[in-house]
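Chemist: here is my input; please provide its structure:
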Amino acid sequence: MNFVSIRVITGDVARLVAFYERVTGLKAAWANDDFAELGTPNATLAIASTRTVPLFAPGSARPAENHSVITEFLVDDVDAVHQNLTEYVTESVTDLVAEPTTMPWGNRSLLLRDPDGNLINFFTPVTRQAKEKYAAMG
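Modeler: Numbering: from 1, shown residues only. Prediction:
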């Protein structure tokens, strides 16, 4: 098995895609107005309209109701990401949840919310063990 993507359902695909393009520096590949993907070497973040839900499972997903999933991005320097995003996050509808903090498991993490309220963690491994764990993904 290979984990390949996570899909976020939203009421405003263009807004959410623009946000993720800005905060990740990635360019989305659009399939149509209802579906876009931001790909990385290890996984893809798919963003889909509420209009896509009835196609695979009517009523199964609702936008802006996530309170348990954190989408995570491995970055070279989380403090630089924080500095670059501070003005943007403050001006946007997002919420800066936690400034860069070193976690007990060895990652330095920045936690914020996207425009739909979904949690995002940008992190950089800082301990030897964490760096070794993520060395192949860097």
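Chemist: could you list the single helix or strand in the chain with the lowest mean pLDDT?
Modeler: Ranked by mean pLDDT, DSSP states H and E, the weakest helix or strand in the chain is helix 78-91, scoring a mean of 82.
Chemist: can you name the element that comes right after the host helix or strand of Ala18?
Modeler: Element membership for Ala18 (DSSP states H and E) is helix 13-24. Using DSSP H and E, the helix or strand that follows helix 13-24 towards the C-terminus is strand 29-32.
Chemist: what's in contact with whatever helix or strand comes next after that following strand?
Modeler: Note on strand 29-32: by DSSP H and E, the next helix or strand toward the C-terminus is strand 35-39. Outside strand 35-39, the residues that touch it by CB atoms under 8 Å, 6 or more residues apart in numbering are 5, 13, 17, 20-21, 24, 26-31, 44-49, 52. From N, CA and C alone the C-beta is placed, and that goes for glycine too.
Chemist: please, a PyMOL command that selects the buried ones among those residues?
Modeler: Entered in PyMOL, the line below selects the buried ones among these, by 16 or more other CB atoms under 10 Å:
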select buried, resi 13+17+20+24+26+28+45+46+47+48+49+52
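Chemist: so which elements touch the helix holding Ala18?
Modeler: The contact analysis (3 or more CB pairs under 8 Å, 6 or more residues apart in numbering; DSSP states H and E) places helix 13-24 against strand 35-39, strand 44-49, helix 78-91.
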